[in-house]
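1. Build me a structure from this.
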Amino acid sequence: MTQTLKVGIVAGEASGDILGAGLIRALKKHYPHIEFSGIGGPRMLAEGFHSFFPQDRLAVMGLVEPLKRLPELLRIRRFLTDHFSQQQPAIFIGIDSPDFNLTLEENPHDSGVKTVHYVSPSVWAWRQNRVKKIRRAVDLMLTLLPFEAQFYRDHDVPVQFVGHPLADDIPLQSDAVLARDTLNLDLSAETPVVALLPGSRHGEVERLGPLFYQAARLCLEQRPGLRFIVPAASGQRYRQIHQQLSSFSDLPITLVQGQSHEVMAAADVVVLASGTTALEAMLLKKPMVVSYKVAWLSYKIISAMLKVPYVSLPNLLADELLVPELIQKDATAEGLAAEVLNYFSNPQDVATLKKRFLQLHNSLRCNASAAAAQAVVNLIEGDTTASANTDNRSLI
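-> Take a look at the predicted model:
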């Protein structure tokens with residue numbers, strides 16, 4: 001192919017920038033003459049991507065901030081819709097950011113442009129009616145997790161499971177000693193360490209931080225040799241956590257800036273807020289206790305719509321309760337401490353859990369960027385029958 005192939009991509013968050021950069025690199029191997037434009041972050045720009053707007057203009061969270069930014073978001077989407085209508089790409093790819101991208105994908109799809117959505121929204125967990133919009137807007141859904149792909153097959157949406165990039169990037173075996181050296185922790189290899197990760201957002205840290213530190217205090221009463229590490233996701237979280245810890249000065253807690261991966265790798269047990277961090281802890285083969293608390297009304301609304309029995313990715317992947325989940329009223333310092341101490345008291349159970357984590361890690365290790373690129377190539381070239389050899393990979 002000597003003619004330049006034009007690809008539209010919109011990635012609205014930092015995680016999408018990572019996925020987008022990997023996908024761009026992989027697609028370049030298939031098409032030497034290829035151009036990418038839309039919205040992306042620094043990693044995508046380093047691959048030659050042209051971004052019409054800074055990626056952080058799409059990075060909004062919660063309920064209030066998107067409403068405040070709605071006029072700007074609508075202007076950006078209108079510009080992109082007009083641009084890709086006038087200069088139609090061979091294919092349009094929305095990476096994550098479903099509230100923004102699914103609506104954006106509808107117009108090129110209706111105009112005959114092939115559309116891909118990379119990273120499934122949690123439609124399988126709640127607000128399942130969104131699958132109707134996905135069916136209208138998307139020619140192919142690329143999922144990071146195998147149970148997501150089954151959901152779309154059940155709802156007649158073309159789908160391909162490509163694996164998770166984190167599973168490709170994280171080694172099958174982690175090195176706790178190396179991680180402790182990297183963090184400059186003055187601890188022996190035998191010192192038991194618990195990592196506390198109360199979240200990356202202000203509200204999460206406000207609700208879970210003191211709870212986790214209270215649990216640490218209870219654990220220390222039973223096991224005086226324990227040491228604790230807390231990674232702060234940002235400078236703001238560092239200041240917030242530092243202030244919280246002023247009320248827990250009796251605890252042997254080390255606070256570090258960032259480096260959550262190294263902190264979890266250095267630990268024997270991880271206590272964390274439910275989210276993608278649980279997947280990373282699983283890939284690092286770390287026993288974990290998953291917890292979360294939200295406002296009472298939010299919990300009532302979300303729990304009424306929830307369609308899955310678990311909230312953490314390790315349990316969802318395994319379709320069984322591998323790790324404890326202490327949510328809302330069950331999220332108590334006593335409950336968290338009991339689960340942490342249980343791991344230290346039952347090394348054989350920990351060994352069995354790590355073997356299960358290794359199986360799950362292998363099931364997600366599919367060279368995701370290359371698999372996603374091949375799926376895009378198949379769609380461009382009209383090979384709708386091709387399917388990834390990872391689709392039927394067993395999780396058992």
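
2. so where's the stretch 51-200 of the chain uncertain?
-> 59-69, 124-126 (pLDDT under 70).

3. for it, what spans make up the strands?
-> Counting by DSSP state E, counting those that start in this stretch, the stretch 51-200 of the chain has these strands, from start to end: 91-95, 114-118, 140-143, 159-161, 193-197.

4. Neighbouring strands - and their directions - for the last one?
-> This means strand 193-197. strand 227-232 (parallel), strand 269-273 (parallel) (DSSP bridges).

5. Pick the most buried one from the ones you listed.
-> Sort those by mean neighbour count, taking mean count of other Cβ atoms under 10 Å, and strand 269-273 sits at the top with a mean of 26. The C-beta positions use only the backbone N, C-alpha and C, and glycine is treated the same way.

6. re the thing from before, let me have the strands of the stretch 51-200 of the chain in CSV, adding mean neighbour count as columns.
-> Formatted as CSV, the strands of the stretch 51-200 of the chain follow (neighbours: other Cβ atoms under 10 Å):
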stretch, mean neighbour count
strand 91-95, 27
strand 114-118, 24
strand 140-143, 25
strand 159-161, 26
strand 193-197, 26
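
7. From Gly40, how far out is Phe53?
-> 10 Å (Cβ to Cβ, to the nearest Å).

8. Which parts of the chain belong to which domain?
-> With domains defined by automatic domain parsing, the chain comprises 5-163+366-380, 169-363.

9. quick one: Ile9 is in a strand?
-> Yes. Assignment of Ile9 by DSSP: H, G, I helix; E, B strand; the rest coil places it within a strand.

10. any idea of the pLDDT on it?
-> What the model reports as pLDDT for Ile9 is 97.

11. wait, what's in contact with it?
-> Contacts for Ile9 (Cβ atoms under 8 Å, 6 or more residues apart in numbering) come out as 20, 23-24, 36-40, 44, 49, 92-95.

12. residues contacting the most centrally placed residue in the chain?
-> The centroid of the chain falls nearest to Thr276 when counting by Cα atoms, centre = their mean (3.9 Å). Residues in contact with Thr276 (Cβ under 8 Å, 6+ apart) are 15, 313.

13. Out of the strands paired with strand 193-197, which is closest to Ser122?
-> strand 269-273 (15.9 Å; Cβ to Cβ).

14. Need the contacts of Ile9 in JSON lines (columns: distance to Met141 and secondary structure).
-> Below are the contacts of Ile9 laid out as JSON lines (distance: Cβ to Cβ, whole Å; DSSP: H, G, I helix; E, B strand; the rest coil):
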{"residue": "Gly20", "distance to Met141": "16", "secondary structure": "helix"}
{"residue": "Leu23", "distance to Met141": "15", "secondary structure": "helix"}
{"residue": "Ile24", "distance to Met141": "19", "secondary structure": "helix"}
{"residue": "Phe36", "distance to Met141": "20", "secondary structure": "strand"}
{"residue": "Ser37", "distance to Met141": "22", "secondary structure": "strand"}
{"residue": "Gly38", "distance to Met141": "18", "secondary structure": "strand"}
{"residue": "Ile39", "distance to Met141": "20", "secondary structure": "strand"}
{"residue": "Gly40", "distance to Met141": "20", "secondary structure": "coil"}
{"residue": "Met44", "distance to Met141": "21", "secondary structure": "helix"}
{"residue": "Phe49", "distance to Met141": "22", "secondary structure": "coil"}
{"residue": "Phe92", "distance to Met141": "14", "secondary structure": "strand"}
{"residue": "Ile93", "distance to Met141": "11", "secondary structure": "strand"}
{"residue": "Gly94", "distance to Met141": "10", "secondary structure": "strand"}
{"residue": "Ile95", "distance to Met141": "12", "secondary structure": "strand"}
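
15. What is the nearest of these to Gly335?
-> Ile95 (37.3 Å).

16. just checking, the closest one touches Ala14?
-> No. If you go by Cβ atoms under 8 Å, Ile95 and Ala14 don't touch, sitting 11.2 Å apart.
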